Every structure is written in C-alpha cells, then in structure tokens.
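Undergrad: For reference, the sequence and a predicted model appear below.
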There are 2 protein chains.
Amino acid sequence: MAKARVRHLALRILLAKPLSYWQLLKQIDVDIPTTQKVLKELLEEGLLEYQNNLFSVTPKGKEEAKILGLSPFVSIRCPTCQGKGITFSSFQELLEFFQELIVERPKAISEYDQGYVTPADTVARVLFMYQLGDIEGKQIFLLGDDDLTSLALLASGWPKEVTVLEIDERILKFLEKKAASKGWTNLNIFHYDARYPIPEELRQKFDVFLTDPVETVGGLRLFLSRCVEALKGEGGVGYFGLTHLEASRRKWWQVQRDILDMGFTITDILRNFHTYLLERDDILNLELRVAKEAPVEVKKPEIDFYTSNLFRIYAAELPRPLVKGKVDWERELYYDEEAYVTCPY
Amino acid sequence: MAKARVRHLALRILLAKPLSYWQLLKQIDVDIPTTQKVLKELLEEGLLEYQNNLFSVTPKGKEEAKILGLSPFVSIRCPTCQGKGITFSSFQELLEFFQELIVERPKAISEYDQGYVTPADTVARVLFMYQLGDIEGKQIFLLGDDDLTSLALLASGWPKEVTVLEIDERILKFLEKKAASKGWTNLNIFHYDARYPIPEELRQKFDVFLTDPVETVGGLRLFLSRCVEALKGEGGVGYFGLTHLEASRRKWWQVQRDILDMGFTITDILRNFHTYLLERDDILNLELRVAKEAPVEVKKPEIDFYTSNLFRIYAAELPRPLVKGKVDWERELYYDEEAYVTCPY
C-alpha cells in the first residue's frame, strides 16, 4: 500500500537527517495527498516531530524504525550525473549556447499550469534523445514548449525540422525571434489549443514527438492522442514527463493502459529526470493544495521540489490516437483530485 | 520501422569507428533477427563493408549517412557510473564481500538458458532496490538465482528474509553452504520447476520479487505469474530483466500488456542495466542463431555483448497472476522465433 510506503521512506530518510516538508516531498515517490496523510499520522502517533520547519524522528519513531528494519538512508545516486546517467562533457557548448538563447524567456504563468524544467535538464533530455538516435535527421513535433526544448534541438544542429504547437503566443514569438536571429529556417510554429485536432497538414508527418502533458488522465489521453496523430507510423517515438507528485500509481496504470492501447510500448522510464523551476512565491500565494493542506505550517519552498519522470514510448504497431476531433473540456482538463500543485481556478 | 532504426543506428555508430559484429549487437536496441537482416542489406547495397572482423562505412555509405542527416556518434553515457546512475562509493565493501562469496560459484550451463550478470551489476541492482526502499525489512522472493543475488541481499544485512526457488540443485546447495558458513538464518530455499504452482505456504507472503525470466511471451507470463502469486497484495513490487536482443518491441508490448493485466504499473525501465557473462565459446559451439545466421563469418565474441533492461513494477491494485496451476510446456517455454542466443535443443 502507498501509505505503508510513505511511512517506510519517510522514517528512513529522516533517520539520516531532519528535512523540510519540501525536501520530503521531493524524496518520496508517492502522490502528495497520500504523503500528506501519512505525515499527519506519523506526527499524531508521536513518531515524527516538526520544529523550525524540519521534520525529525522522535525516540518513539526510532523504536518503530527498528521494528521495521530501517537504518539511516544513504543515497547511492551517482554524484557525477546526479543519477541521470548522462554526461555533458562532449556537449558543454550546447548547454552554454542554450543558456544564452533563453536569457530573456517569457516568465512562466502558474495559472496556466506553466513551470519549466531547468535548462540543464532540458539539454540532458535532448542528449538522451540524441543517444537513442531520435534527433539526427528527424522531423520532431512538440506539443507545448514552455521549456523551450525546440531551441536546444535547433542549437544542436541535428534535427531535420522542429515543429512547435503552443497556446501561449509569448512563447511562439520568443521562439520565432530567436530562430530568426540565428538564421534557423527549420522551425515551424503553430498557435494551438489542444482541445482542437491538430492541423490537417501535420498529421502522420513526424518521426518523434515530445510533450509535457497536464496530469489528469483525460488531459494525458488528449495530449498523447494529439501527438500520436502527428506520427508517421510504426516505429514512431514519443517522449513525455509524468510525476509521482500529482499522479498516483493508479493513475500511472491508467496512463500506461492508454499508451498500450495506442499501439506503443514503453522503452524507458527515467526516474526524477526533470526538476521544475516553479515560481516559489506562487506555491503559497495561489493557495495550492500542496501547501494549504500540508500537515504542518509550511514556508515557501526553499528548494525546487517538483520533479517528473521521463518516458520514452515506441510505436510497436500503427499508432492509434484514443481521442479524435474537438473536445469541450474546460477546467477538468487540468484539474483532478490528485492535482495538488496545479492552480485550482 | 525497426529496420529503418537499425540502418540509422548502425551507420552513425560505424561513422565514428569500425566495430565488430558483437559490438554492433550490443549498441543497437533492436532484436537480433532484424539487425542481422539489415546488416546483410547494408553490405549488399555497398554501404558497409566487412574486413578483419570489423564492419565499416564505405564512401557510398558516407553519402547515404549524409542524406539521412547522420554524424559520427558521440556517446553521452556518464563515465563514472556507465549510465546506471548509481555509485558504489558508500558500499564498496558490499561489492567486495559479494565477490568473495561467489568465488566458487557453479559454472553456468548454456543448455539450461543460464548465464549470469556481472557481479558488479548484481550489486548495482541490489543498491537500486535499496534506494527505492524495497529491501530493508522486506521479505524477498527470488524465482531463479543463477546470479546469486540472494547472497548479495543477505550480505547487505538489509532484508528480513530471502526465499529462493531454483531448478538447479547445484545453485541451491551453493547458496545453502554459503549462508551456513556466514551464519545467515534468513535464507529459505526450494527446489522448484516453474511449470508447477509455487508451494502453498509461499503464496501472498512477500513484499518484493526478483526474477530473470526466459524471454518467450509465454515464459515471461508464466514466470511473472508465479512471482505475482507470491506477493502479499497491493503495493507489492517486482524486478525483472528483459532484453532488446531476444525480444522485439512487439514482444515488449505484449509483456507490458500482461503486466498491466496483472494489476501492475511499470515504475522504472533502466536501459542496458545488466551485462551477462555468457560462455563465449558456447556461442559458436552450440550453433546459436546469433552466430549461425550472422550476415558475415564471425569469430567468438571478444566482448560481453548480451545485455538486458531492468524493469521495476508496482502493484497498483490486487495482483492477479495470469497463469495458475500446472502447465505442460516443454521446449516452447524457452524457445521462440526471436530466441537467437538461446540453445535450440
């Protein structure tokens, strides 16, 4: 059970050292509502205490940890690559180039469910795709691009063509301006709302897609369907992110069911590949459930606690979108009972 | 299409430097029969040539690579952890202890589809499981253990209990002897043939399972079903390996369908996590299809070319085995049309 898992993980992490609420969320691979519930129980049972914004294990908690067979947690994450398995060494210039390109990027709007991953993670994702042969000479389809991955792709010089569909015109204008300033002619942009089908001329035209969907089951199904419709056929490849924080394992199961139903197999799942640079002030100001329903009074995050996992999927047969045509969804596209870091209005 | 993928990957890898047949197999994530076919085509088209046991790109091949947008491949794999994302630094002693323990291990029998992963990979897998909270205080079920992972688990001191079901009595005796010599009392062993149901007293008793199944769809379904039957319930966790070499993406799709049908979601897929120490002489001597049907005359492997991916799965609901009761399968358990490194008799 997910609750037993939180109990197990929280105790052994805190045996090693006291941590803030945000640090705990980052290290526990369970959805936020469950983690909140269990932390509350552990406090009430007197196994944990909370002082000066830090959780720690009480003597009673140490007894419990002993019964559970737990010892203070020691991380085994590679210090060189932070567990991603990727080195920048041959491509340091690409990272620097990308960082220059994005200096004046549009500010993320939390109310639009925006919030981009770190520039290093964006480039690491591009390198991972490169390693797997999914960029060179390829036609690449991006649904949403507040990460500005298209610029990292273009900066690499590898893709044949990059096409971005995005609802935020500030981002489209920024991409257009940057591409023009560098003389890149292989970028195509479309102002696009995912509730509508993708333009006719983009169907079955691409080798690879990349998207970072909203995290409702319906939203994921919609975003992936739009992307799948853009792929040429069998052998097509897709990349997207999925969190632990706003997606329970039950939701993961449903998403994976959809992926298989669309004719894809999952080839890679890289844990915590992306760290997001959310607007830290907004977490409290927007009254997000992650803060409002925390079991203790929390300050604004002192770390970037929000991470997601990188999925790669491969069309083992002819890709079949599950959603076709226009949909009329409104707020339910973004918001469900597990949406704790998504703006509720 | 898988064939286009082999073409793409082979050309860009060979643009960087000439490689042997075995090195190519190791670097291409497509099933062996498809890779063999495409290499044959590339030779016939004059895009590749084969001399002194090495494939290289011809001038005509370089033209083709240019058209495809390919440049010489540069690996982005982290040199510190070889892409696994794991450091041994805090647990160097565990690795050394394990290496001592296994010095006199029984020799793998290729005819039984045995062939174990490197000791470092076995310990890396244990560390990965530890990182995810799946060992400390847990009851762990191993179906087959020619890797001797049980000894690495016991050496760590973390598990509550380790239970091994294995058909090869040499391995069981070896485990028993080693555990006795160290005074470990939390190892249980069972002589077991996967065609039979697991012993009654082992059903629904475990937190975590680990297995390295045969690679037919039916064999995978059988092995995973036996393991699933051993788990306590929702929240149970499983680990297993699956190759690219003997499992096409179509087979991956079917295996993942089975996983979801059993109530599990896939939480991690780590590419090429395991390297196997196959008996290199046997590859030619046993007339395995990987050698016999190679598009060129090959020598015995000069590297350990056989790798597999590490899956972690999590029971999002009550686990449901797909196979129950006894099955009468014989050779078809081990052998299908994609089995190119498995002994045909």
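TA: The structure has been received and is ready for your questions. Keep in mind the model is a prediction, meaning the values are calculated, not measured.
Undergrad: C-alpha only now, for contacts and for neighbours.
TA: OK.
Undergrad: For A:Ala2, which non-adjacent residue is closest in space?
TA: Excluding the flanking residues, the one nearest A:Ala2 by CA to CA, 6 or more residues apart in numbering or on different chains is B:Gly235, at 6.2 Å.
Undergrad: got the contact list for the one you found?
TA: Each residue near B:Gly235 by CA atoms under 8 Å, 6 or more residues apart in numbering or on different chains is listed here: A:1-2, A:5, B:314-317.
Undergrad: And the contacts of the strand or helix carrying A:Glu229?
TA: Using DSSP states H and E, A:Glu229 sits in helix A:217-230. Contacting residues not belonging to helix A:217-230 are listed as A:141-143, A:194-195, A:197-198, A:202-206, A:209-211, A:213-214, A:251, A:254-255, A:258, A:262, A:319-324, A:333-334 [CA under 8 Å, 6+ apart].
Undergrad: go with 6 Å
TA: Around helix A:217-230, the neighbours that count as contacts under CA atoms under 6 Å, 6 or more residues apart in numbering or on different chains are A:202-206, A:213, A:321-323, A:333.
Undergrad: Just flag the most distant two among these.
TA: Taking every pair in the contacts of helix A:217-230 and measuring CA to CA, the maximum separation is 26.3 Å, between A:Lys205 and A:Leu333.
Undergrad: and A:Leu24, how many residues sit next to it?
TA: 21 (other CA atoms under 10 Å in any protein chain shown).
Undergrad: Next up, identify which helix or strand it is on.
TA: Going by DSSP H and E, A:Leu24 is in helix A:21-27.
Undergrad: So which elements touch that helix?
TA: Judged by 3 or more CA pairs under 6 Å, 6 or more residues apart in numbering or on different chains; DSSP states H and E, helix A:21-27 is in contact with no other helix or strand.
Undergrad: mind saving the C-alpha coords of that helix as CSV?
TA: Output of helix A:21-27 as CSV, limited to C-alpha atoms (Å, rounded to 0.1, in the frame of the first residue of the first chain):
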residue,chain,number,x,y,z
TYR,A,21,8.4,19.4,4.1
TRP,A,22,9.5,20.2,0.6
GLN,A,23,12.6,18.0,0.8
LEU,A,24,10.5,15.1,2.0
LEU,A,25,8.1,15.6,-0.9
LYS,A,26,11.0,15.5,-3.3
GLN,A,27,12.3,12.3,-2.0
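Undergrad: where's that helix relative to the chain centroid, distance-wise?
TA: 16 Å (CA atoms, centre = their mean, to the nearest Å).
Undergrad: which of the residues in it are buried?
TA: A:21-26 (16 or more other CA atoms under 10 Å in any protein chain shown).
Undergrad: neighbouring contacts of the lengthiest strand in chain A?
TA: In terms of residue count, the longest strand belonging to chain A (DSSP state E) is strand A:264-275. For strand A:264-275, the surrounding residues in contact (CA under 6 Å, 6+ apart) are A:117, A:121, A:306-316, B:253, B:268-269.
Undergrad: tell me the average confidence for it?
TA: Across strand A:264-275, pLDDT averages out at 97.
Undergrad: who does the next helix or strand after that strand touch, helix- and strand-wise?
TA: Moving toward the C-terminus from strand A:264-275, the next helix or strand (DSSP H and E) is helix A:280-285. Contacting helix A:280-285 under the criterion 3+ CA pairs under 6 Å, 6+ apart is no other helix or strand.
Undergrad: Now helix A:280-285: buried residues?
TA: The neighbour-count check on helix A:280-285 (16+ other CA under 10 Å) flags A:282-284 as buried.
Undergrad: repeat for stretch A:124-132
TA: For stretch A:124-132, by 16+ other CA under 10 Å, it's A:124-131.
Undergrad: How far away from the center of its chain is that stretch?
TA: For stretch A:124-132, the separation from the chain centroid amounts to 16 Å (computed by CA atoms, centre = their mean).
Undergrad: What about contact with chain B: does that stretch have any residue there?
TA: No: against chain B, stretch A:124-132 shows no contacts by CA under 6 Å from any CA of the partner chain, the least distance being 6.6 Å.
Undergrad: on that earlier part again, now do the longest strand of chain A against helix A:217-230, angle only.
TA: Orientation check (axes from the mean of the first three to the mean of the last three CA atoms, to 10 degrees): strand A:264-275 against helix A:217-230 gives 110 degrees.
Undergrad: could you dump strand A:264-275 to PDB, C-alpha only?
TA: Taking Å, rounded to 0.1, in the frame of the first residue of the first chain, the C-alpha atoms of strand A:264-275 are listed here in PDB:
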ATOM      1  CA  PHE A 264       3.000   1.900 -28.200                       C
ATOM      2  CA  THR A 265       5.400   0.100 -25.900                       C
ATOM      3  CA  ILE A 266       7.300   1.900 -23.100                       C
ATOM      4  CA  THR A 267      11.100   1.600 -23.700                       C
ATOM      5  CA  ASP A 268      12.500   3.800 -20.900                       C
ATOM      6  CA  ILE A 269      11.300   5.400 -17.700                       C
ATOM      7  CA  LEU A 270      13.900   7.600 -16.100                       C
ATOM      8  CA  ARG A 271      13.100   8.500 -12.500                       C
ATOM      9  CA  ASN A 272      13.200  12.100 -11.500                       C
ATOM     10  CA  PHE A 273      14.900  13.200 -14.700                       C
ATOM     11  CA  HIS A 274      13.300  16.600 -14.700                       C
ATOM     12  CA  THR A 275      13.400  19.200 -11.900                       C
END
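Undergrad: Greatest separation within the contacts of strand A:264-275: which pair is it?
TA: Top of the distance list for these (CA to CA): A:Tyr306 and A:Ala316, 31.7 Å.
Undergrad: and A:Ala247, which of the three is it?
TA: coil (DSSP: H, G, I helix; E, B strand; the rest coil).
Undergrad: hmm, back to that, which single one of the contacts of strand A:264-275 is nearest to A:Val341?
TA: Nearest to A:Val341 out of the contacts of strand A:264-275 is A:Tyr306 (CA to CA; 8.7 Å).
Undergrad: which residues does the closest one contact?
TA: When contacts are counted by CA under 6 Å, 6+ apart, A:Tyr306 touches A:275-276.
Undergrad: same question, the one 4 residues further on
TA: With CA under 6 Å, 6+ apart as the criterion, the residues that contact A:Leu310 are A:240-241, A:269-270, A:273.
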